[in-house]
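J.: Next comes the sequence, and after it the predicted model I'd like to discuss.
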Amino acid sequence: MKRIVLSVLVICAAFFAQAQSTGSSYKTALGVKVYPGAISVKHFTKSNVALEGLGYISSDGFRLTGLYELHGDISGAEGLKWYLGGGAHIGVWSDSWRNRYPTRNDGLAIGVDGVLGLDYKIKGAPLNLSFDWQPSFNFIGYNYFEGGWGGIGIRYTF
């Protein structure tokens, strides 16, 4: 059901967009990121600086993440950029998560995130693909390092 809702959101954004980016760069993009599943919005404030917001929803709860990313071109590969950056997250764990991990009884998660990845804007199409690793550390709530965040993203560009 969640995947259907995410797909509908992306399709609606595509139909209601006033302008679309079909070159090898873009200003704003909206889409999904897989593993764990998230809604992703990315906006460039400068040619090499972007802000990304991620909203994760699962049976374990929800998490909102904001990232500040520095982007750099990869010579010889039009539309392909590397990026790195950092940010923060806040989340709330569900009762099912707390039942699976009874020693981690605090349902709040606040922490910092890093990000390292590749971003590709498909020339001639209003699509952007990304692949990244997003390690994080919780310092409020249950304290732990999480190295499994990140994944593959697909976004519609404006």
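T.: Cool, the structure landed. Treat the numbers as computed from the prediction; the structure is a model and nothing was measured. Numbering: from 1, shown residues only.
J.: Which residue ranges of the chain form helices?
T.: Ranges of helices in the chain, per DSSP state H, are 2-16, 95-100.
J.: Any stretches of this protein with poor pLDDT?
T.: 1-23, 104-105 (pLDDT under 70).
J.: Strands along that one, start to end?
T.: 28-34, 38-46, 49-58, 61-73, 80-93, 108-122, 127-133, 136-141, 144-146, 150-157 (DSSP state E).
J.: Verify the stated contact: V49 with H71.
T.: Yes: the criterion here is C-beta atoms under 8 Å, and V49 meets it with H71 at 7.1 Å. C-beta: built from backbone N, CA, C; applies to glycine.
J.: Who has more neighbours out of these two?
T.: The neighbour comparison of V49 against H71 (other C-beta atoms under 10 Å) goes to H71, with 18 against 14.
J.: Distance of that one relative to E78?
T.: 14 Å (C-beta to C-beta, to the nearest Å).
J.: Also Y156?
T.: Per C-beta to C-beta, Y156 is found 20 Å from E78.
J.: Contacts only, for Y35.
T.: 148, 150-152 (C-beta atoms under 8 Å, 6 or more residues apart in numbering).
J.: What of I110?
T.: So I110 contacts 88-91, 138-141 (C-beta under 8 Å, 6+ apart).
J.: ok, now G61?
T.: Contacts of G61 (C-beta under 8 Å, 6+ apart): 91-94, 97, 107.
J.: give me that answer again for 10 Å
T.: By C-beta atoms under 10 Å, 6 or more residues apart in numbering, the residues touching G61 are 91-98, 107-109.
J.: tell me the two of those residues that are most distant?
T.: The distance between the two most remote of these (C-beta to C-beta) is 15.9 Å, for S96 and L108.
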